[in-house]
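Chemist: Curious how this folds, go ahead:
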Amino acid sequence: MAGPRSIVRLRPPGSVLVGTIEGVACMERDSGGPGWRIAHRTLTDKHIHALLIEPESGTIFAGANHGSIFASADGGQSWERRDEGLTQHNVYSLEVRPAGRRRAHLRRDGARAPLLQR
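Modeler: Here you go, the predicted model:
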């Protein structure tokens, strides 16, 4: 099924970032058990619709409803706003498409804008 992705797997295994209505939750598997726990939360004042890891750089992008786009270079510990040039700040999905060089894009209402180009 196509659509926004609001969960990304991190390293080490057993850690994931989950986009929620209360920001990004870093979930870790309980040691010795099948359950998960919230290790920490970031961007707690944002409704995160989409998460994406750009494969070459490892940069994680988060798209937020009424909040724009954010990037993390440290596995989701800290985030910086990356919305220069955007006129609308509702981000519902993100994608990576190779086009010669890899590029990360955000999608909003059918339009695509570059986030990262190498």
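
Chemist: Next up, the contacts around the residue sitting nearest the centre point of the chain.
Modeler: Nearest to the mean C-alpha position of the chain, counting by C-alpha atoms, centre = their mean, stands residue 51 at 2.4 Å. Counting by C-beta atoms under 8 Å, 6 or more residues apart in numbering, residue 51 makes contact with 5-8, 17-19, 24, 60-63, 94. Any C-beta I mention is one placed from the backbone N, CA and C, and that applies to glycine too.

Chemist: buried ones in stretch 50-63?
Modeler: Residues of stretch 50-63 classed as buried: 50-54, 59-63 (neighbour count, 16 or more other C-beta atoms under 10 Å).

Chemist: From those residues, which one has the minimum pLDDT?
Modeler: For these, the weakest pLDDT value sits at residue 54, with 86.

Chemist: circling back: what is the burial count for the nearest residue to the residue nearest to the centre of the chain once chain neighbours are set aside?
Modeler: Distance criterion C-beta to C-beta, 6 or more residues apart in numbering; nearest residue to residue 51, sequence neighbours excluded, is residue 8 at 4.7 Å. Neighbourhood size, residue 8 [other C-beta atoms under 10 Å]: 19.

Chemist: shaky segments in the protein?
Modeler: By pLDDT under 70, the low-scoring segments of the chain are 1-5, 11-12, 32, 98-118.

Chemist: where do the strands sit along it?
Modeler: Secondary structure of the chain (DSSP state E): strands at 7-10, 15-20, 23-29, 36-42, 47-53, 60-65, 68-72, 80-81, 93-99, 101-108, 111-117.

Chemist: any residues touching the fourth one, and which ones?
Modeler: Read that as strand 36-42. Residues contacting strand 36-42 (C-beta under 8 Å, 6+ apart): 15, 22-30, 76-79.

Chemist: switch the cut-off to 7 Å
Modeler: By C-beta atoms under 7 Å, 6 or more residues apart in numbering, the residues outside strand 36-42 that reach it are 22-30, 76, 79.
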